[in-house]
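J.: show me how the following folds:
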Amino acid sequence: MSPVKLADIEFIGKGLVRPECILATANGRIYTADWRGGVAVIEPDGRQWLLRDDNAAFELKPNGICLQPDGSFLIAHLGDAEGGVFRLDQAGKLTPFLTEIEGESLPPTNYVHRDVLGRIWITVSTRLMPRARAYRRDVADGFVVLVDERGARIVADGLGYTNECLVDPSGRRLLVNETFSRRLTAFAIDTDGVLSNRSTAAEFGPGTFPDGLTFDQQNGIWVTSIVSNRVIHVAADGTQTHILEDVDPNHLDWVEAAFQGGTMGRPHLDNVNSARLPMISSLAFAGADLRTALLGCLLGDAVARFRAPVSGHPPSHWDFPGPRRAA
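T.: Have a look, this model is predicted:
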């Protein structure tokens, strides 16, 4: 699988604020999390609008977003000291979906995913605050929550900075990126949603801090790395191919040294030294043939895109129409 040239990357959208998580649907729409307090919508003709609650009682900081069949979104709130998942309906009304688990308030919350069965999977990266205290190999207090007809419960714990999670196309495995443990972890899912047989699907080396993931139609997994602006393809047999990278080597060495020394902090994530990409974080396949790769990011104000060598697997929300725009 051939690498993508930086010169072949284009940008769409404008004025977005921290579009960390990105979704695409069959009708040509693109959705991104937006720190103006909601979800930015990019229409097929390029027009943009923002869905948010102008009367919200708190400052919502969307990280992961999850489109629902009725046009609403579930949004993971990455607050400074609090988290939770909130529902933003297509009228722009924000209501709590899940704010505590097992009698405790949810810490700043990273990601939310709806699988094809309608189950909701939620990740919390760490219980430590500030979260930068968990940018270490020796911290593993992240967890995964499942919400289904039985209610909400923690189904996996002791993870090294839990980031994006997705149920694979077979429906039998949950894949989870552990950013600062530098691995992609797999769990078997039984009929009751219980996770078992924890295993390592991929282990990553220096300079890779796995964040987002998605699947292609050849059973491959696409993983994005913060800091190094890497896109890594993990084949079904475990072979890794670097599809993309955009980082100054000296900058990456500086971050890597801090990580290895246990001193990594916010300055190492709040800055980027690259040619084109502003700290990519997530990836979604779009277009009629699902071969347009879209990249969410932490530090930019637009969405990068490139032509992928293979088609993506349609996500669970692919055929959802999305919210109606208010007249």
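J.: pLDDT below threshold where in the chain?
T.: The model of the chain has pLDDT under 70 over residues 326-327.
J.: can you map out the helices along the stretch 201-327 of the chain?
T.: Listed in chain order, the helices of the stretch 201-327 of the chain (DSSP state H, counting those that start in this stretch) span 249-261, 266-269.
J.: now for the ones you listed, which one comes closest to residue 75?
T.: helix 266-269 (21.1 Å; CB to CB). The C-beta positions use only the backbone N, C-alpha and C, and glycine is treated the same way.
J.: so how far is the closest one from its chain's centroid?
T.: Distance of helix 266-269 from the chain centroid (CA atoms, centre = their mean, to the nearest Å) equals 19 Å.
J.: what's the answer for stretch 216-225, then?
T.: For stretch 216-225, the distance to the chain centre is 13 Å (CA atoms, centre = their mean).
J.: pretty sure residue 154 sits against residue 141.
T.: No - with contact defined as CB atoms under 8 Å, residue 154 does not reach residue 141; the gap is 11.6 Å.
J.: so for the two, which residue has more residues nearby?
T.: Taking other CB atoms under 10 Å, residue 154 and residue 141 do not tie; residue 141 has more neighbours (17 against 14).
J.: apart from its chain neighbours, what residue comes closest to the more buried one?
T.: residue 127 (4.8 Å; CB to CB, 6 or more residues apart in numbering).
J.: which residues touch that neighbour?
T.: By CB atoms under 8 Å, 6 or more residues apart in numbering, the contact list for residue 127 reads 107, 141-142.
J.: can you tell me how far it is from residue 134?
T.: 8 Å (CB to CB, to the nearest Å).
J.: mutual contacts of the two, please.
T.: Joint contacts of residue 127 and residue 134 (CB under 8 Å, 6+ apart) are 141-142.
J.: what about residue 261, how many neighbours?
T.: Applying other CB under 10 Å, I find that residue 261 has 9 neighbouring residues.
J.: distance of the residue nearest to residue 141 from residue 5?
T.: 41 Å.
J.: which ones among the contacts of residue 127 map onto strands?
T.: In this view, those that belong to strands under DSSP state E are residue 142.
J.: need the contacts of residue 127 in JSON lines with distance to residue 163, can you?
T.: Compiled in JSON lines, the contacts of residue 127 are given as follows (distance: CB to CB, whole Å):
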{"residue": "107", "distance to residue 163": "14"}
{"residue": "141", "distance to residue 163": "14"}
{"residue": "142", "distance to residue 163": "8"}
